[in-house]
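1. with the input below, show me the fold.
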Amino acid sequence: MPEEAKKYRVFISAAEPSADAHCAGLITALQQRNYNIEFIGVGGPKMAEAGCKLLEHTTARAAMMYKAFGQVGWYYRLIKRITRFLNTNKVDLVIVCDSPTFNFHIAKAAKKAGIRTLFYVAPQCWAWAARRIRKLRKYCDKLCCILPFEQDWFSQRAIDTTYVGNPLLDESQADPHSYRKNYADFEPRNLRLALMPGSRAAEIDSLWLPMQQIALRLKQKHPGATFAAVAVDAEREQILRETQIPGLECQYTIGAVADAANAADFALVASGSATLQVAAAGCPMVIMYQSSRILWHLLGWCVVKTKYLSLVNILASREMVPEFMPYFSSIEPIVQTVEQLLKDKDKLVQISGELIELVEPLAEKKAREEVAKMVIEMLR
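-> Model (predicted):
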């Protein structure tokens, strides 16, 4: 029987919106190869729209680091349910995407059930919790990394690793340098500021208010300033609208990170995957993340092993853009930093060009196509 005529079942696990988008792209790429694959798993609306039957919608509950502690019970029950499914149904391959805290449990269940597992998006063991490398070596059959330096790092630790490109940039245009911004006619009084408070509920809760407060402070000094906010989906757009503070006028778009960054002069961005899309648009930015001061001093300093915390600065090995991670409570240092940058057109042009050059190599491969090839090889 030809390989294409065989019936395969692939289980996919995604726990947050970015992983939902990555996996939806992968499903589409696999469907275009005309293999008879049934997709089932946990994820979000984009996976469902692409043709994956969901046992549970997980993306609405997405959290980050220790902010996920309050949802332990729900995730525990979900892991038990997935484990039962893998033990009682024929599954040819398990794909887990990002969210290692959750997905290591899924990979462990797959291993016990005798199912091969592909990790799509490598856990950042090089940045924090390096002890996880032992779990990865035990439960991962193949690892797809999306940052160039990761392939050597994981391969040196006996993990079968392939650099596949970055899925965030799969839709990037052929000539990224056409995005380079020209600030020759830019005046701060006409600032176009993009506000990107993140996709996770916890990020929105902690970052949306201060981002609005920063915008209002800038508006006081630059009356012609305009603001545009990006939400990952309609539900989160509604949350942003309902929590808009008095005096702020803001346009809202859904899922248009690259377009919003391309149209903006500057951006305030939650730390995470969106920073690379903003960088690809050549948009100078300040990167923000909030945390409990107590928990950060108890836990954060001892688990984080990199000098910088944002992906952009980690890739650059220097502070290419200012990062306030965590910024705790005062927005004053952020306002001052933005104001200082807005006064320096040459610096803005420099940052725009450096950001594009930084991410350009990441767009040389189409991640969804590279991972689809690996899936087909593993199914065979």
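2. right, and the helix or strand after the worst-scoring helix or strand of the chain on mean pLDDT?
-> The helix or strand of the chain with the poorest confidence is helix 301-303; it has a mean of 48 (mean pLDDT, DSSP states H and E). On the C-terminal side of helix 301-303, the closest following helix or strand by DSSP states H and E is helix 311-316.
3. list the contacts of that following helix.
-> With contact meaning C-beta atoms under 8 Å, 6 or more residues apart in numbering, helix 311-316 is reached by 127, 147, 271-273, 275-276, 279, 285, 287, 306, 308, 319-321, 323, 354-355, 358-359. Backbone N, C-alpha and C define where each C-beta goes, glycine included.
4. so which of these sit within helices?
-> 275-276, 279, 354-355, 358-359 (DSSP state H).
5. what is the nearest of these to A261?
-> Proximity of those to A261 (C-beta to C-beta) peaks at A279, which lies at 8.4 Å.
6. ok, now which ones touch the nearest residue to that closest one once chain neighbours are set aside?
-> The shortest distance from A279 to any non-neighbouring residue, by C-beta to C-beta, 6 or more residues apart in numbering, is to L355 (4.0 Å). Residues near L355 by C-beta under 8 Å, 6+ apart: 278-280, 282-284, 312, 320-321.
7. top of those by neighbour count?
-> The most crowded member of those, judged by other C-beta atoms under 10 Å, is A279 (34 neighbours).
8. so what's that residue scoring on pLDDT?
-> Reading off the confidence values, A279 has pLDDT 95.
9. how near is it to I356?
-> Going from A279 to I356 by C-beta to C-beta, to the nearest Å gives 7 Å.
10. what about K108, which helix or strand?
-> Here K108, judged by DSSP H and E, is contained in helix 100-112.
11. show me what whatever helix or strand comes next after that helix is packed against.
-> Following helix 100-112 in sequence order, the next helix or strand is strand 117-120 (DSSP H and E). Applying 3 or more C-beta pairs under 8 Å, 6 or more residues apart in numbering; DSSP states H and E, one finds that strand 117-120 contacts helix 17-31, strand 93-97, helix 100-112, strand 142-145, helix 367-379.
12. repeat that with 10 Å
-> Judged by 3 or more C-beta pairs under 10 Å, 6 or more residues apart in numbering; DSSP states H and E, the packing partners of strand 117-120 are strand 7-14, helix 17-31, strand 93-97, helix 100-112, helix 132-139, strand 142-145, helix 367-379.
13. show me what contacts the residue nearest in space to the middle of the chain?
-> When C-alpha atoms, centre = their mean is applied to the chain, the residue found nearest the centroid is S273 (3.0 Å). Counting by C-beta atoms under 10 Å, 6 or more residues apart in numbering, S273 touches 16-19, 21-22, 98, 121, 146, 166-168, 198-199, 257, 311.
14. sorry, back to before: nearest to Y252, of the helices and strands packed on strand 117-120?
-> Using C-beta to C-beta, the helices and strands packed on strand 117-120 put helix 17-31 closest to Y252, at 16.4 Å.
15. which stretches in the stretch 151-300 of the chain count as helices?
-> Secondary structure of the stretch 151-300 of the chain (DSSP state H, counting those that start in this stretch): helices at 201-221, 234-242, 257-263, 274-280, 293-295.
16. most tightly surrounded among the ones you listed?
-> Of the helices of the stretch 151-300 of the chain, the one with the most neighbours on average (mean count of other C-beta atoms under 10 Å) is helix 274-280, at a mean of 28.
17. distance between that one and the chain's centre?
-> Here helix 274-280 is found 10 Å from its chain centre; the criterion is C-alpha atoms, centre = their mean, to the nearest Å.
18. and stretch 15-29, by the same measure?
-> 11 Å.
19. please report how far V312 lies from H57.
-> From V312 to H57 the distance is 30 Å (C-beta to C-beta).
20. just N103 next, same as before
-> Counting by C-beta to C-beta, the separation of N103 from H57 is 16 Å.
21. likewise for V338?
-> For V338 relative to H57 (C-beta to C-beta), the value is 37 Å.
22. tell me which of the two has more neighbours.
-> V338 (24 against 14).
23. so where does that one fall, helix or strand?
-> V338 belongs to helix 332-342, assigned by DSSP H and E.
24. packing partners for that helix?
-> helix 201-221, strand 266-270, strand 285-288, strand 323-324, helix 345-359.
25. now do it and helix 345-359, the angle between them.
-> Relative orientation of helix 332-342 versus helix 345-359 (axes from the mean of the first three to the mean of the last three C-alpha atoms, to 10 degrees): 100 degrees.
26. convert helix 332-342 to PDB, retaining C-alpha atoms only.
-> Coordinates of each C-alpha in helix 332-342 appear next as PDB, following Å, rounded to 0.1, in the frame of the first residue of the first chain:
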ATOM      1  CA  GLU A 332       8.400  56.300  35.100                       C
ATOM      2  CA  PRO A 333      11.600  54.700  34.000                       C
ATOM      3  CA  ILE A 334       9.800  53.300  30.900                       C
ATOM      4  CA  VAL A 335       8.300  56.700  30.000                       C
ATOM      5  CA  GLN A 336      11.700  58.300  30.300                       C
ATOM      6  CA  THR A 337      13.400  55.700  28.100                       C
ATOM      7  CA  VAL A 338      10.800  56.000  25.400                       C
ATOM      8  CA  GLU A 339      11.000  59.800  25.500                       C
ATOM      9  CA  GLN A 340      14.800  59.700  25.200                       C
ATOM     10  CA  LEU A 341      14.600  57.400  22.100                       C
ATOM     11  CA  LEU A 342      11.900  59.400  20.400                       C
END
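27. any weak-confidence spans in the stretch 51-200 of the chain?
-> Low-confidence segments of the stretch 51-200 of the chain, defined by pLDDT under 70, are located at 62-70, 172-179.
28. the nearest residue to K7 once chain neighbours are set aside: how many residues sit nearby?
-> Spatially, and ignoring its direct neighbours in sequence, K7 is nearest to N36 (5.1 Å; C-beta to C-beta, 6+ apart). N36 has 11 neighbours, counted by other C-beta under 10 Å.
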